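> Mind folding the following:
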Amino acid sequence: MVVNDWIHGASSLTKRARPRCRRSLAAPRLVGTVAYGECEFYRGPVGRNTLDSEFSLEGVTALPRVDIVMAHENMDGRIIDAAVAAGPGVS
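Sure, this is the predicted structure:
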């Protein structure tokens, strides 16, 4: 996840209820940075991934639809309500 031009590992982030509120629990262990559209990576993933992961798609024939909603302060919730009302689905 990129926040304020810093690339964090998602598992090391926490959410706090104030502006600029995402904070890495492992700040010295940033994955990298973004500057002027260019990424610089300092390290790779910490945990297992890809072929070494316990995650498997074996036997999965379809993946669920995932709605991505851009949100901002003071927006109304109609778009979120619509996504919830549509319910889960398989594309």
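
> quick one: the strands in this protein?
2-3, 6-7, 13-15, 22-24, 32-35, 38-41 (DSSP state E).

> Not counting the fifth one itself, show me its contacts.
It stands for strand 32-35. By Cβ atoms under 8 Å, 6 or more residues apart in numbering, the residues outside strand 32-35 that reach it are 2, 5-7, 39-43. No exception for glycine: its C-beta is placed from N, CA and C like everyone else's.

> Run through this protein and note the low-pLDDT ranges.
Applying pLDDT under 70 to the chain picks out residues 14-28, 45-51, 89-91.

> And the helices in it, which stretches?
Listed in chain order, the helices of the chain (DSSP state H) span 78-86.

> Of the strands of the chain, which is nearest residue 64?
When those are compared by Cβ to Cβ, strand 13-15 sits nearest residue 64, at 23.5 Å.

> and the strands of the chain as JSON lines, adding distance to residue 81 and mean neighbour count?
Below are the strands of the chain laid out as JSON lines (distance: least, Cβ to Cβ, whole Å; neighbours: other Cβ atoms under 10 Å):
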{"stretch": "strand 2-3", "distance to residue 81": "27", "mean neighbour count": "13"}
{"stretch": "strand 6-7", "distance to residue 81": "32", "mean neighbour count": "16"}
{"stretch": "strand 13-15", "distance to residue 81": "22", "mean neighbour count": "10"}
{"stretch": "strand 22-24", "distance to residue 81": "25", "mean neighbour count": "16"}
{"stretch": "strand 32-35", "distance to residue 81": "33", "mean neighbour count": "13"}
{"stretch": "strand 38-41", "distance to residue 81": "35", "mean neighbour count": "10"}
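
> For residue 86, which of the ones you listed is the nearest?
Using Cβ to Cβ, those put strand 13-15 closest to residue 86, at 25.1 Å.

> Distance to residue 54 for the strands of the chain - can I get that in TSV?
Formatted as TSV, the strands of the chain follow (distance: least, Cβ to Cβ, whole Å):
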stretch	distance to residue 54
strand 2-3	26
strand 6-7	24
strand 13-15	22
strand 22-24	24
strand 32-35	25
strand 38-41	24
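
> Of the ones you listed, which is nearest residue 78?
The nearest among these, by Cβ to Cβ, is strand 13-15 at 23.1 Å.
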